[in-house]
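J.: pasting the sequence and the predicted model now:
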Protein chains: 2
Amino acid sequence: MSTPRTPLSRERVLRTAVEIADAEGVEAVTMRRLARALDAEAMSLYHHVKNKDDVLDGVVDLIVGEINEAVEKIDAPAVGAAWKPAARERILTARSIFLRHPWAPPVFANRIAVGFEVVRYHDRFVGLLHDGGFSYDLAHHALHALGSRAMGFAQELFDPGDSDASEVPPEMAAAVPNLVAMLAEVAHDDPESTLGWCDDQFEFEFGLDLILDGLDRLRPSS
Amino acid sequence: MSTPRTPLSRERVLRTAVEIADAEGVEAVTMRRLARALDAEAMSLYHHVKNKDDVLDGVVDLIVGEINEAVEKIDAPAVGAAWKPAARERILTARSIFLRHPWAPPVFANRIAVGFEVVRYHDRFVGLLHDGGFSYDLAHHALHALGSRAMGFAQELFDPGDSDASEVPPEMAAAVPNLVAMLAEVAHDDPESTLGWCDDQFEFEFGLDLILDGLDRLRPSS
DNA sequence: ACCTGAACACCGTTCAAGT
DNA sequence: ACCTGAACACCGTTCAAGT
């Protein structure tokens, strides 16, 4: 009667979690919902993952695994000044993976535990910087300066360009004259930003290049 | 018998929420816990706040209110090249407020709705940039490039300097040789980072100066 | 108007029991 | 070993009722 179910496994649980999040958002990923998608009971999951936090940690590492696969494929040796376009390409490739999982950045931001794939990504990035002439000390500062940008996404508090100058209520407009003036001048024609609450492509690249250029200037023997 | 209770109000609810978060962390801020601290029932809160999201939004704005108060106090007119030290001081002052509320950055990162104080902070910042010679267009890019740094905190994915080279397990060490080499060289003597999962002071200022310097270079008539 | 108790519809997770 | 049902201790929130 019942088809032979494929057995549960950590791998399968995590992949299913990503599928649910892609389709319905992260908030839809509950232990009960996850179990239902796997045709099992919620409590069965606990034999393959420690708890819900473990699920989210695993999901993060799964996605960074995707990123590592894509990024290490394009890897060409880059010495000296070539570090910058190489780093840029890595980062924009990483970003392209996030565009398929727009719910992921906020989840990443809230994780404390770092999995192997995240460590691996940063290891390769440090290698790239070092080949480019960075001391390990400067490479360390570079990672901090880039923050989440090193992995392809920016976390922004709010997008002042999202609103229209004409839609600011008058009593508020008087209190924030500079923003109103800015909005009047900045035509924001892109229909929507690409990574949800995050950034859009142009602003991401603007900020990225600003930092990469700054780092290049600090690079010894440049 | 019972002392005359001060009546509930949105203000009082939000202030209490901040107190609880300061003392026990944000996860302790539940409607029931909040009500108990106010000597009321959970359901009474709903007459003063719309729901829990509204509480968190309000808490964010309350803290940015603190920041605005501190930041606008130190405001000296800064035209031309003086924009940079002025922006730097604003941002580091904002940061000092966050040091009193280390639980706040992750909460900020997850909010979508932006309150008046957040808008006001950015309005003044845009004004400062404009007085410094930035076009509104460049000021807009600058806000995006700075992201949360404009308000005084950086969100980092993980701190590679947090671990010790000697404590990396051998089988992992072989897989991430660059990080091991970096950790061996980078002596991390600061006892702990200042903003929880975030950044420490030196790295924050390093990244901040990198961006401010880059922006200054793009500034017209510099 | 402001406040309340009981109840509802969810969570993640523990436990003792099944195969 | 792997899986399960019932139950526990929480959530945020609705509702009808109190003053």
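T.: Looks like it came in fine.
J.: spit out the contact partners of the residue lying closest to residue A:32 once chain neighbours are set aside.
T.: Nearest residue to residue A:32, sequence neighbours excluded (Cβ to Cβ, 6 or more residues apart in numbering or on different chains): residue A:42, at 4.6 Å. (Each C-beta comes from the backbone N, C-alpha and C, glycine too.) Residue A:42 is in contact with A:31, A:32, A:34, A:35, counting by Cβ atoms under 8 Å, 6 or more residues apart in numbering or on different chains.
J.: how about a cut-off of 7 Å?
T.: A:31, A:32, A:35 (Cβ atoms under 7 Å, 6 or more residues apart in numbering or on different chains).
J.: residue A:173 now?
T.: Contacts of residue A:173 (Cβ under 7 Å, 6+ apart): residue A:180.
J.: ramachandran coordinates for it?
T.: Backbone torsions for residue A:173, taken as degrees, to the nearest 10, come to phi -60, psi -40.
J.: and residue A:29, by the same measure?
T.: phi -80, psi 90.
J.: how near is it to residue A:64?
T.: 17 Å (Cβ to Cβ, to the nearest Å).
J.: which regions of chain A sit below the pLDDT cut-off?
T.: A:1-5, A:75, A:187-198, A:222 (pLDDT under 70).
J.: identify the residues contacting the spatially closest residue to residue A:8 that is not a sequence neighbour.
T.: Residue nearest to residue A:8 in three dimensions, not counting chain neighbours: residue A:48, with 5.5 Å by Cβ to Cβ, 6+ apart. Contacts for residue A:48 (Cβ under 7 Å, 6+ apart) come out as A:8, A:9, A:10, A:13.
J.: residue A:208 contacts residue A:150, correct?
T.: No: using Cβ atoms under 7 Å, residue A:208 is not in contact with residue A:150, being 9.4 Å away.
J.: tell me the helices in chain A, going along the chain?
T.: Here chain A has its helices, by DSSP state H, at A:10-24, A:31-37, A:52-73, A:83-98, A:104-110, A:116-131, A:136-146, A:170-173, A:177-185, A:201-218.
J.: and the residue nearest to residue A:181 when sequence neighbours are not counted, what is it in contact with?
T.: Closest residue to residue A:181 apart from its sequence neighbours, by Cβ to Cβ, 6+ apart: residue B:136 at 6.2 Å. Residues near residue B:136 by Cβ under 7 Å, 6+ apart: A:181, A:182, A:185, A:186, B:130.
J.: quick check: the nearest residue to residue A:82 once chain neighbours are set aside vs residue A:70, distance?
T.: Nearest in space to residue A:82, with sequence neighbours left out and distances taken as Cβ to Cβ, 6+ apart, is residue A:132 at 7.2 Å. Noted for residue A:132: a distance of 21 Å to residue A:70, by Cβ to Cβ.
J.: and those two? Which one has more around it.
T.: Taking other Cβ atoms under 10 Å in any protein chain shown, residue A:132 and residue A:70 do not tie; residue A:132 has more neighbours (22 against 14).
J.: just checking, that one touches residue A:83?
T.: Yes: Residue A:132 lies in contact with residue A:83 (Cβ under 7 Å); the separation is 2.5 Å.
J.: still on that earlier bit, could I get the contacts of residue A:48 as TSV with distance to DNA strand C?
T.: Converted to TSV, the contacts of residue A:48 look like this (distance: Cβ to the nearest atom of the strand, whole Å):
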residue	distance to DNA strand C
A:8	13
A:9	17
A:10	14
A:13	12
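J.: most neighbours among the residues you listed, please name it.
T.: residue A:13 (24 neighbours).
J.: contacting residues for that residue?
T.: Residue A:13 sits next to A:34, A:38, A:45, A:48, A:49, A:55 when contact means Cβ under 7 Å, 6+ apart.
J.: number of residues surrounding residue A:62?
T.: Neighbours of residue A:62 (other Cβ under 10 Å): 17.
J.: OK, contacts around the nearest residue to residue A:58 once chain neighbours are set aside?
T.: Closest residue in space to residue A:58, ignoring its immediate chain neighbours: residue A:14 at 4.4 Å, by Cβ to Cβ, 6+ apart. By Cβ under 7 Å, 6+ apart, residue A:14 lies in contact with A:55, A:58, A:59, A:62.
J.: wouldn't the third one be in contact with residue A:20 here?
T.: No: at 9.9 Å, residue A:59 does not count as touching residue A:20 under the criterion of Cβ under 7 Å.
J.: quick one, which of the two is more surrounded?
T.: Between residue A:59 and residue A:20, counting by other Cβ under 10 Å, residue A:59 is the more crowded of the two (27 against 19).
J.: contacting residues for the closest residue to the more buried one other than its chain neighbours?
T.: Once flanking residues are discounted, residue A:59 sits nearest to residue A:17: 5.1 Å by Cβ to Cβ, 6+ apart. The contact partners of residue A:17, by Cβ under 7 Å, 6+ apart, come to A:29, A:34, A:55, A:59.
J.: ok, residue A:131 next?
T.: A:78, A:79, A:83.
J.: then residue A:62?
T.: So residue A:62 contacts A:14, A:18 (Cβ under 7 Å, 6+ apart).
J.: rewinding a little: now do the shared contacts for residue A:208 and residue A:150.
T.: residue A:91.
J.: so how many other residues sit close to the closest residue to residue A:89 other than its chain neighbours?
T.: Leaving aside its sequence neighbours, residue A:89 sits nearest to residue A:74 (Cβ to Cβ, 6+ apart; 6.4 Å). Residue A:74: 10 surrounding residues under other Cβ under 10 Å.
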